[in-house]
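Trainee: My questions concern the predicted model and sequence given below.
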Amino acid sequence: MRYILLVILLLFSGCTASKSGVKKIFQTDDSSYIQKDYEAIVKLILEYKRKLDKRNPSAYNKQFSLQYVNDIKLSKNIIFTNSHNKKLINYVDYLNYAFDINVDVKYRSDYLIVGLYKLIYDIYLMKKKHKFISYEYDLKKLQNGYKNLQILQWKIANAKGKDGKYLFYTWQQNWQIELLNQYNKNGYIDYAGIKDLLYIKNKKESLFDVSNNSYKMTLGKIIFHLENSINILDMTPEEVTKEILKSSMFIL
């Protein structure tokens, strides 16, 4: 009898656990698939952070980084003030600050990554730790998130500061950055002098080297998982009814 009670307690306590395998007993298949999309996206965000920090080593806080990486892994809500002591509330605030060229943004990459994470945290309704059925997710939120990710991907690749330098180095080869810096300084491109660019001259790079597409590919994978979640939720009325009946639980 004692063991039966223990099993019952485990089953019902699983509904409130954030990462318990027991809770999946009460989840419908579609809701479980959406949860897997979220978990995959979180891993990709952390992968993107590692790549971004390596390419932009002075744009993130090495001391603070470990703390919020752990918070991301645990799906915690993250809140911190910017370098001007202004509290940032939602992902729009964080992303706008990451791309703000009118103020001196210290550790710009941190605001980009936290903004990206908060975007995903918000559209997957992670404040509500457990979703029994996929119907509880907000399709409109996911669709808006998809649009925002498209915008974010473009801005990361193209945004520049007032000095003409890229805010984030991702796809650029080092010789391209050198050439852009020369142009920003002189106002013209010395095509004859391209061969004397440091990375070309030392044969570390070539004019024929392709751009680094790994950053775009990682964001592309995030967008793919979001698309998958949207496709799951974009159901016909008959599919919605079937999904609800599989849960056998009332919806408020």
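Mentor: Happy to help now that I have it.

Trainee: Can you report phi and psi for T81?
Mentor: For T81, the backbone dihedrals are phi -80, psi 160 (criterion: degrees, to the nearest 10).

Trainee: My guess is it contacts Y94. True?
Mentor: No - T81 is beyond contact range of Y94, at 11.1 Å (criterion: Cβ atoms under 8 Å). Where you see a C-beta, it was placed from the backbone N, CA and C, and this is true even at glycine.

Trainee: Overlap of the contact sets of these two?
Mentor: L88 (Cβ atoms under 8 Å, 6 or more residues apart in numbering).

Trainee: Looking at those two, which has the bigger crowd around it?
Mentor: More crowded of T81 and Y94, by other Cβ atoms under 10 Å: Y94, with 24 against 9.

Trainee: and that one, what does it touch?
Mentor: 88, 111-112, 114-115, 118.

Trainee: and the residues you listed as a markdown table, adding pLDDT?
Mentor: Converted to a markdown table, these look like this (pLDDT from 0 to 100):
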| residue | pLDDT |
| --- | --- |
| L88 | 88 |
| Y111 | 94 |
| L112 | 96 |
| V114 | 95 |
| G115 | 95 |
| K118 | 95 |
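
Trainee: among those residues, which two are most distant?
Mentor: The largest distance within the contacts of Y94, taken as Cβ to Cβ, falls between L88 and L112 and amounts to 12.3 Å.

Trainee: From the centroid of this protein, which residue is nearest?
Mentor: The centroid of the chain falls nearest to L116 when counting by Cα atoms, centre = their mean (3.8 Å).

Trainee: Skipping its backbone neighbours, what lies nearest that one in space?
Mentor: I45 (5.8 Å; Cβ to Cβ, 6 or more residues apart in numbering).

Trainee: lowest-confidence helix or strand of this structure?
Mentor: helix 2-13 (a mean of 41; mean pLDDT, DSSP states H and E).

Trainee: mind listing what's buried in the next helix-or-strand element following it?
Mentor: Of the helices and strands lying after helix 2-13 in sequence (DSSP states H and E), the nearest is helix 29-55. By 16 or more other Cβ atoms under 10 Å, the buried positions in helix 29-55 come out as 30-31, 34-35, 37-38, 41-42, 44-45, 48-49, 52-53, 55.

Trainee: Let me know how buried K195 is, in neighbour terms.
Mentor: By the criterion of other Cβ under 10 Å, K195 has 9 neighbours.

Trainee: whoops, G115 was the one
Mentor: Neighbour count for G115, taken as other Cβ under 10 Å: 23.

Trainee: Surely it touches Y91?
Mentor: Yes - between G115 and Y91 there is a contact under Cβ under 8 Å: 5.1 Å.

Trainee: Setting the sequence-adjacent residues aside, check what's closest to K87.
Mentor: T81 (5.2 Å).

Trainee: do the same with H84
Mentor: V103 (6.5 Å).

Trainee: Likewise for I177?
Mentor: Once flanking residues are discounted, I177 sits nearest to Y169: 6.6 Å by Cβ to Cβ, 6+ apart.

Trainee: Local confidence estimate at that neighbour?
Mentor: Here, the pLDDT recorded for Y169 equals 94.

Trainee: Equivalent analysis for K165, please.
Mentor: 90.
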